[in-house]
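Engineer: next come a sequence and a model predicted from it.
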Amino acid sequence: MISISEAISIVKENGKPLLKETTKSVEKAGGYVLFEDVYSPINMPPFRQSAMDGYALNLHDSLSYNLVGEIKAGDGHQPILRKGEAVRIFTGAPVPDAANAVMMQEKVESNGNNITVEHQIPLEHNIRPLGEQVKTGAIALKKGTKLTPAAIGYLISLGITEVSVLKKPNIAIVTTGNELIEAGQDLTYGKIYESNSKMLLSTLYSLKFYDVTLHKVEDDYDKTVEKLKVVINKNDLVIITGGISVGDYDFVGKALKELQVEELFYKVKQKPGKPLFFGKKDDTQIFALPGNPAAALSCFYVYVYIALQNMMNREDLELPRVKAKSISKFEKRGDRPQFLKAIYNEGNVEILEGQNSSMLQTFALSNALVYMKDYDNKINIHDETEVILLPVV
């Protein structure tokens, strides 16, 4: 059995970026990272553009101008303005080549076909120049840029429809257990509804990992070997829940050994989640998480999350940790470090009731985990604690 810090170090050391390329339509590329530089096919803006509603002027010495027309956003005509002439113009509309400034409408007095401006303005005032954001052929976004909603909007505004991105891992979630049935079926005596796969799937989706398949295997050795053989060969990451302990019907460990999966660690000195396995075969990483739901989710956030970030070549591998003052008491049993479900709010943290590894009700309310070290026996009100902040969904 190894320590938490040792286990985290092993996960970090044995992970590596996938560095595989795939093409995505821009509108479906949110959360991905650019595999290569993206060059702009156009100038943005593609024409001199009015920055506000007002009047486009061909400047002269007087404050009075003759009004000779109007240009709305989307208009394609090019009125010719002599000195001292103006056109009514609106935000986003193309500024005629003969105009050299735009005066906002609030500073203009209109009188039929004549207008008077409040004061003189400099050349190109309130005009967005051609290619102000990016010029044709220039780098629009660099390789390694994470595609946020703003980045998606920016690329589409340039007319780009597809991008080359860093491929995300193919992930398989395998649940084990004869006692598990699907929600919606009649709950007969001795059965429970299987929740781990959907819980982990939802967690992965919230982190923008969508290439996920779900698998179920009975508590049967041969079937476990066959199922794990298939998913290990087809995926970059395999997450197994249940069957990793030492009971008579826990076959996952034996199956992984038969499949020659390299064991990097098995069992971590922690609560919840002591029977945690991490290994690899070729380029596939395998986590076998405990079957208890709260333990499985805790292990996901502390360990599997790191592997995922590593695969995506990200710098921040772990979830953020902060110091917070406890507003509740907790007394630990035993000497294992513990991850406690909690609610963090502006420097304070509340440790919740119901810390059993099988309980999700408390986890459903949590936005953080308090990390209680092995040498800490109790937490009192106002004690400073170490808090792991869970991802915001």
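Structural biologist: Arrived safely.
Engineer: the helix or strand containing residue 87 pairs with which strands?
Structural biologist: Under the criterion of DSSP states H and E, residue 87 resides in strand 85-89. If you go by DSSP bridges, strand 85-89 pairs up with strand 54-57 (antiparallel), strand 64-71 (parallel).
Engineer: turn those into CSV, columns for distance to residue 296.
Structural biologist: Where you see a C-beta, it was placed from the backbone N, CA and C, and this is true even at glycine. What follows is these, written out as CSV (distance: least, Cβ to Cβ, whole Å):
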stretch, distance to residue 296
strand 54-57, 61
strand 64-71, 62
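Engineer: in the protein, where is pLDDT below threshold?
Structural biologist: The model of the chain has pLDDT under 70 over residues 181, 247-249.
Engineer: and the longest helix for it?
Structural biologist: For the chain, the longest helix by residue count, based on DSSP state H, is helix 221-234.
Engineer: what packs against that one?
Structural biologist: Applying 3 or more Cβ pairs under 8 Å, 6 or more residues apart in numbering; DSSP states H and E, we find helix 221-234 packed against strand 171-176, strand 212-217, strand 237-241, helix 252-258, strand 284-289.
Engineer: that one to strand 284-289, inter-axis angle?
Structural biologist: Interaxial angle of helix 221-234 relative to strand 284-289 (axes from the mean of the first three to the mean of the last three Cα atoms, to 10 degrees): 140 degrees.
Engineer: domain assignment for this structure?
Structural biologist: According to automatic domain parsing, the chain comprises the domains 4-19+168-311, 21-43+137-166, 49-128, 321-388.
Engineer: reformat those domains as CSV; add mean neighbour count.
Structural biologist: What follows is those, written out as CSV (neighbours: other Cβ atoms under 10 Å):
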stretch, mean neighbour count
domain 4-19+168-311, 18
domain 21-43+137-166, 16
domain 49-128, 16
domain 321-388, 16
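Engineer: pretty sure residue 63 sits against residue 114.
Structural biologist: No. If you go by Cβ atoms under 8 Å, residue 63 and residue 114 don't touch, sitting 10.8 Å apart.
Engineer: leaving out the residues flanking it, which one is nearest to residue 194?
Structural biologist: residue 180 (3.7 Å; Cβ to Cβ, 6 or more residues apart in numbering).
Engineer: residues contacting residue 219?
Structural biologist: Residue 219 makes contact with 176, 177, 178, 243, 249, 250, 251 under the criterion Cβ atoms under 8 Å, 6 or more residues apart in numbering.
Engineer: and it, helix, strand or coil?
Structural biologist: Classification of residue 219 using DSSP: H, G, I helix; E, B strand; the rest coil returns coil.
Engineer: how near is it to residue 179?
Structural biologist: Separation of residue 219 from residue 179 (Cβ to Cβ, to the nearest Å): 9 Å.
Engineer: next, residue 271: phi, psi?
Structural biologist: phi -140, psi 120 (degrees, to the nearest 10).
Engineer: wait, it touches residue 371, no?
Structural biologist: No. Assessed by Cβ under 8 Å, residue 271 is found out of contact with residue 371, at 11.3 Å.
Engineer: quick check: end-to-end length of stretch 153-166?
Structural biologist: 19 Å (Cα to Cα, to the nearest Å).
Engineer: doesn't residue 82 belong to a helix?
Structural biologist: No. Residue 82 is assigned coil when assessed by three-state DSSP, not a helix.
Engineer: ok, it to residue 277 distance?
Structural biologist: 81 Å.
Engineer: partner residues bridging the residue nearest to residue 64 when sequence neighbours are not counted?
Structural biologist: With sequence-adjacent residues excluded and distances taken as Cβ to Cβ, 6+ apart, residue 64 is closest to residue 116, at 5.3 Å. Applying DSSP bridges to residue 116 gives these bridge partners: residue 64, residue 109.
Engineer: right, and the residue nearest to residue 194 touches residue 216 too?
Structural biologist: Yes. The pair residue 180 and residue 216 qualifies as a contact (Cβ under 8 Å) at a distance of 7.1 Å.
Engineer: what is in contact with the two at once?
Structural biologist: Common neighbours of residue 180 and residue 216 (Cβ under 8 Å, 6+ apart) are residue 194.
Engineer: nearest spatial neighbour of residue 372, skipping sequence neighbours?
Structural biologist: Nearest one to residue 372, counting by Cβ to Cβ, 6+ apart, is residue 338 at 4.5 Å.
Engineer: no no, residue 223
Structural biologist: Looking at residue 223 with Cβ to Cβ, 6+ apart, the closest residue is residue 217, at 5.5 Å.
Engineer: got a list of what that neighbour touches?
Structural biologist: Residue 217 neighbours (Cβ under 8 Å, 6+ apart): 174, 175, 176, 223, 224, 227, 228.
Engineer: same thing with residue 253?
Structural biologist: Counted by Cβ under 8 Å, 6+ apart, residue 253 has contacts 243, 244, 246, 266, 277, 288.
Engineer: so what's the residue count around residue 133?
Structural biologist: 15 (other Cβ atoms under 10 Å).
Engineer: the nearest residue to residue 66 once chain neighbours are set aside: what's it in contact with?
Structural biologist: Excluding the flanking residues, the one nearest residue 66 by Cβ to Cβ, 6+ apart is residue 85, at 5.1 Å. Contact analysis of residue 85 by Cβ under 8 Å, 6+ apart lists 57, 58, 65, 66, 67, 68.
Engineer: please apply the same query to residue 111.
Structural biologist: Taking Cβ under 8 Å, 6+ apart as the test, residue 111 contacts no residue whatsoever.
Engineer: same deal with residue 269?
Structural biologist: Residue 269 neighbours (Cβ under 8 Å, 6+ apart): 1, 2, 3, 4, 336, 337, 374.
Engineer: quick check: it vs residue 334, distance?
Structural biologist: On the measure of Cβ to Cβ, residue 269 and residue 334 end up 10 Å apart.
Engineer: next one: residue 289
Structural biologist: Applying Cβ to Cβ to residue 289 and residue 334 gives a distance of 21 Å.
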